[in-house]
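No sequence on hand, only this structure:
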């Protein structure tokens, strides 16, 4: 089935049904590029983001079909929410160039997080974001930063329209104390391969066995195509990150992850893999309600999930520790010496999976930033 | 949302007979809306997992037995909900039973209690020793030492792991 999906798959550029441009942003480079690349899509000027919100309405899936181009006011940079008290984090910063995502994964936290702010929005002022990052990097020249753009949006899903990578990859390529991570579930890497990242950019894919993808993800790129894209960016000089996150227990998950890791190792040399992370399927209580409402009978909620230390619902600890241990074994056998870490887990779980908790977030972050 | 509003909202896709069966249980056991919401979630989850309808589980012997048991409505609701929880969380419930059996096998006496953290999250146990005298405390510690020597404690702690 995976082979069939991959064979049928044609690389796609997300084409929204409509584009709404905030007044004043009509002549920005990003808006001009979008108009050039979407000649058959209607463009409408709206007064502001609130007007766009009203125009788009409150249907989460429908909101993903219309793109808003607007200026971002306020800070672009923040700490990753995995730094919740009680969880071991990896000292990661997030930079938001967009919110929402054209894909629609059943486990996605945006279903809750953006419930009051649905529009799929690309910010037309990436220069302001990069100026903010430059100030931080210059002020702390002795520190090494890992900065990602994939928290509130897929890092690359809009890139064929916005060309954002042409702005941010050269910026990070010229910085010695920061590593940029672009996280995606697409194969929209044509813009990247023409650029020289100078080892300062990691392109990361979230991967799961195809059976889990079929259960949980709508509109994402098939795994084989994601891996083909990973191979292309690796050949173009990028490091590749892999996130087995969320790990979804499903019928045949052991074989599914075993085969996925084997396919991954065959596709990429270990030396090009910057890191591999593992994270359990997890839901806040609000997200569980949102998923129940949007996808009644979703198999994602039928696992033996209980409330864990941070209030999120995960498979009860012995179950997820068993998953982590098995996938850890697969990864260590197939990709020796590649750093492997857990996302949003407690020191107790780290201890059971690895035999030790990491020294601390600064040490973990420094180890990953040095890749 | 009141109990009746919750029932109406969450059983709109149920047949009349199915809804009547749940309404009878709710009328008998009188759960709070919060508890009823948990039960409705679990019935939906069971249906999604096992491929039946949400009301199918209401006929399960474990739930029927809890409903027919003697006792007050709150006590019977507690037993009914626990029976439903065990259907919803079979592997967690099996591990809880195994842990309870392992504690009983330690034969530590009535002054020593060992409990896992809820749902085994955190992987810790809480050991409670009650003693009115030094001799009672020493007796309990001796029994724990015997359990340790026999590796029974190691077997208990293994249940906290994967």
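Nice, I can see it. If you're wondering where the values come from, they're calculated on a predicted model, not measured in any experiment.

tell me the contacts of the residue most central in space within chain B?
Using CA atoms, centre = their mean, the residue of chain B that lies closest to the mean C-alpha position is residue B:82, 4.3 Å off. Counting by CB atoms under 8 Å, 6 or more residues apart in numbering or on different chains, residue B:82 makes contact with residue B:66. (Glycine included, C-beta is placed from N, CA and C.)

Next: residue A:243.
So residue A:243 contacts A:183, A:204, A:205, A:206, A:207, A:276, A:277, A:279, A:343 (CB under 8 Å, 6+ apart).

same thing but at 10 Å, please
The contact partners of residue A:243, by CB atoms under 10 Å, 6 or more residues apart in numbering or on different chains, come to A:150, A:181, A:183, A:185, A:204-208, A:275-279, A:343.

Which member of those is positioned nearest chain B?
Proximity of these to chain B was ranked by CB to the nearest CB; the top entry is residue A:278 with 13.7 Å.

can you tell me which helix or strand the closest one belongs to?
Using DSSP states H and E, residue A:278 falls within strand A:273-280.

again, but for residue B:75
helix B:73-88.

just checking, what packs against the longest helix belonging to chain A?
The residue-count maximum for a helix in chain A (DSSP state H) belongs to helix A:317-334. Applying 3 or more CB pairs under 10 Å, 6 or more residues apart in numbering or on different chains; DSSP states H and E, one finds that helix A:317-334 contacts strand A:239-247, helix A:253-267, strand A:273-280, strand A:305-307, strand A:313-315, strand A:340-342, helix A:347-354, helix B:90-106.

again, only using 6 Å
helix A:253-267, strand A:273-280, helix A:347-354 (3 or more CB pairs under 6 Å, 6 or more residues apart in numbering or on different chains; DSSP states H and E).

Excluding covalently adjacent residues, which one is nearest to the residue of chain A positioned farthest from its centre?
Residue farthest from the centre of chain A, counting by CA atoms, centre = their mean, is residue A:47 at 30.4 Å. Nearest non-adjacent residue to residue A:47, counting by CB to CB, 6 or more residues apart in numbering or on different chains: residue A:23, 5.5 Å away.

With residue A:286 instead?
Per CB to CB, 6+ apart, closest to residue A:286 is residue A:112, 4.4 Å.

That neighbour: neighbour count?
17 (other CB atoms under 10 Å in any protein chain shown).

what's around the residue of the stretch 101-250 of chain A found nearest chain B, how many residues?
Per CB to the nearest CB, residue A:249 is where the stretch 101-250 of chain A lies closest to chain B, at 10.4 Å. Counted with other CB under 10 Å, the neighbours of residue A:249 add up to 18.

Might you report the residue contacts of it?
residue A:303 (CB atoms under 6 Å, 6 or more residues apart in numbering or on different chains).

Flag every residue of chain A that's near chain B.
Residues of chain A lying close to chain B (CB under 6 Å from any CB of the partner chain) are A:297, A:301, A:302, A:304, A:306, A:308, A:316, A:317, A:318, A:321, A:322, A:348.

If we use 8 Å, what do you get?
By CB under 8 Å from any CB of the partner chain, the residues of chain A that approach chain B are A:292, A:296-299, A:301-302, A:304, A:306-309, A:316-319, A:321-322, A:325, A:346, A:348-349, A:352.

Selecting buried members of those in PyMOL, what would you type?
A single PyMOL command is used to select the members of those judged buried by 16 or more other CB atoms under 10 Å in any protein chain shown:
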select buried, chain A and resi 292+298+299+301+302+304+306+307+308+309+316+317+318+319+321+322+325+346+348+349+352
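
Work out the gap between the helix holding residue B:75 and the centre of the chain.
7 Å (CA atoms, centre = their mean, to the nearest Å).

try stretch A:345-362
Distance, centroid of stretch A:345-362 to centroid of chain: 23 Å (CA atoms, centre = their mean).

Could you give the average pLDDT over it?
Stretch A:345-362 comes out with an average pLDDT of 84.

Outline the domain layout of chain B.
Here the domain parsing of chain B from automatic domain parsing is B:3-88, B:91-158.

is stretch B:33-47 anywhere near chain A?
Yes. In terms of CB under 8 Å from any CB, part of stretch B:33-47 sits within range of chain A, namely B:41, B:44, B:45, B:46, B:47.

Secondary structure class of the fourth one, three-state.
Three-state call for residue B:46 (DSSP: H, G, I helix; E, B strand; the rest coil): helix.

number of nearby residues for it?
There are 20 residues near residue B:46, going by other CB under 10 Å.

residues contacting the closest residue to it other than its chain neighbours?
Once flanking residues are discounted, residue B:46 sits nearest to residue B:57: 5.1 Å by CB to CB, 6+ apart. The contact partners of residue B:57, by CB under 8 Å, 6+ apart, come to B:43, B:46, B:47, B:63, B:84, B:87.

May I ask which two of these are separated the most?
B:47 and B:63 (14.3 Å; CB to CB).

Which residues are in contact with the residue lying closest to residue B:111 once chain neighbours are set aside?
Using CB to CB, 6+ apart and skipping residues adjacent in sequence, the residue nearest residue B:111 is residue B:130, 4.7 Å away. Shown in contact with residue B:130 (CB under 8 Å, 6+ apart): B:111, B:112, B:136.

out of those residues, which one sits closest to residue A:230?
Nearest to residue A:230 among the contacts of residue B:130, with distances taken as CB to CB, is residue B:112, at 55.2 Å.

How about the backbone phi and psi for the closest one?
Dihedral pair for residue B:112: phi -120, psi 130, per degrees, to the nearest 10.

what helix or strand does the residue lying closest to it once chain neighbours are set aside sit in?
Spatial nearest neighbour of residue B:112, chain neighbours left out: residue B:140 (5.0 Å); criterion: CB to CB, 6+ apart. Here residue B:140 sits within helix B:134-149, counting by DSSP H and E.

For that helix, what is the distance to the chain centroid?
That offset, for helix B:134-149, works out to 30 Å (CA atoms, centre = their mean).

Which SSE is immediately downstream of that helix?
Following helix B:134-149 in sequence, per DSSP H and E, is helix B:152-158.

burial count for residue B:48?
Neighbourhood size, residue B:48 [other CB under 10 Å]: 18.

helix, strand or coil for the closest residue to it other than its chain neighbours?
In space, and not counting its chain neighbours, residue B:48 is closest to residue A:297: 4.1 Å by CB to CB, 6+ apart. Classification of residue A:297 using three-state DSSP returns coil.

what's near enough to touch residue A:297?
Per CB under 8 Å, 6+ apart, neighbours of residue A:297: B:44, B:47, B:48.

Provide the count of other residues in contact range of residue B:153.
Residue B:153, neighbours per other CB under 10 Å, totals 19.

One more: residue A:49?
Neighbour tally, residue A:49, other CB under 10 Å: 18.

What of the one 5 residues further on?
For residue A:54, the count of nearby residues is 12 (other CB under 10 Å).

And the one 10 residues further on, by the same measure?
By the other CB under 10 Å criterion, the neighbourhood of residue A:64 contains 23 residues.

wait, isn't it in contact with residue A:104?
Yes. Using CB atoms under 8 Å, residue A:64 is in contact with residue A:104, at 6.1 Å.

Which phi and psi values does the spatially closest residue to residue B:157 that is not a sequence neighbour adopt?
Spatial nearest neighbour of residue B:157, chain neighbours left out: residue B:125 (7.4 Å); criterion: CB to CB, 6+ apart. Dihedral angles of residue B:125 (phi, psi; degrees, to the nearest 10) stand at phi -120, psi 160.

Next up, the contacts around residue B:125.
Here residue B:125 is in contact with B:114, B:115, B:116, B:117, B:156, B:157, B:160 (CB under 8 Å, 6+ apart).

Give me the buried subset of the residues you listed.
Counted by 16+ other CB under 10 Å, these give B:114, B:116, B:156, B:160 as buried.
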